[in-house]
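> I'd like to go over a predicted model; first the sequence, then the structure.
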Amino acid sequence: MNKVLLVSDAAYFRVDYEINPYMHTEVQPDHTAAVVEHLNIVVAHRAAGRRIEYVASAPECPDMVFTANAAVVRGNRAVLGAPPPERKAELPYFQEWLIEHDYDVVEAPYPFSGQGDALACGDLLLTGYGQRTDRRMHSILARALDYEVVPLRTVSPRWYDLDLAVAVVEPGRTLAYCPEALDEQSRRRLRGLGMDLIEVAVEEAARFALNLISDGTTVTMTKGAPRLAAELRVRGLQVVELDTTELAKGGGGVRCTALTLDNPLPARP
Ligand code: ARG
């Protein structure tokens, strides 16, 4: 799972506005450190055997390094994100890349945070709402991508995207999540899936511990969440911990910087 990723670069990564509680315009990323940090993530993906596709960032798009919000992709179809106004300028670049690479691109009619609020888990799509994704997107995603949507509501702007609160470690088998980040009904829904659930404390989740990429063998995640890392290792996973302090100034971690291009199609004939 998740072996083909679309990444951009940190060439123009800045904090020009504050659209999540982690962003402060007076705390700017160090340019060189951010570029190195991002390259190290790419190097780690390649070392894990993942293929990297690349779209160049644009000077007027300071958040373009966070490609996860661009869309959610399954098979040859992509449902584009519909981000806050501050990030709208990114869309044409991603749209163009997807069209050039033969994806059938569907525009989102309502606010939608792309893969930030859409975690593929086999034939399920764990879909966030309550912050940047309008609930009306759920039926659109289900239809366009043939997923069974599992709606999960995050309870505060701290969890402005679901990929800060929940992580798919092994589809159908293991999820990790921060219980406090979800409302009661959503917690119940997650437990009802019958998978192994790793609980992550607010403290580690707020350091973007859950913003990880797992292919079921290697988990690429941020440093600074030793408890989650240990839980993953106990389950036999290879864990690669990376420094993400510069990306964190934009409110993101490892997973935010990659859009998955190879979510498997339905297993049924
Ligand atoms: N500064 C970006 C924003 O607020 C960070 C996006 C992180 N992406 C994610 N998938 N959580 O939109």
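Cool, got the structure.
> Quickly list what Arg51 is bridged to.
Val4 (DSSP bridges).
> That one contacts Leu6, correct?
No. Contact criterion C-beta atoms under 8 Å: Arg51 and Leu6 do not qualify, at 10.1 Å. Any C-beta I mention is one placed from the backbone N, CA and C, and that applies to glycine too.
> Looking at these two, which is more packed in?
Leu6 (24 against 11; other C-beta atoms under 10 Å).
> Up against the ligand, what does the chain have?
Within the chain, the positions adjacent to the ligand are 19-20, 23, 63, 66, 68-69, 87, 116, 161, 163-164, 250-252, 256 by C-beta under 6 Å from any ligand atom.
> If any of these are buried, put those into a ChimeraX selection.
Command for ChimeraX that selects the buried part of the residues of the chain next to the ligand, burial taken from 16 or more other C-beta atoms under 10 Å:
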select :19,20,23,63,66,68,69,87,116,161,163,164,250,251,252,256
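> Just the closest of the residues of the chain next to the ligand to Arg235, please.
Asp163 (20.0 Å; C-beta to C-beta).
> And stretch 232-243, end to end?
One end of stretch 232-243 to the other measures 18 Å (C-alpha to C-alpha, to the nearest Å).
> Mean confidence (pLDDT) on that stretch, please.
Averaged over stretch 232-243, pLDDT sits at 98.
> Now do the buried residues in it.
232, 237, 239-242.
> Show me where the stretch 1-150 of the chain has its strands.
Per DSSP state E, counting those that start in this stretch, the stretch 1-150 of the chain carries strands over the ranges 4-7, 51-54, 71-74, 77-80, 104-106, 118-121, 124-129, 148-153.
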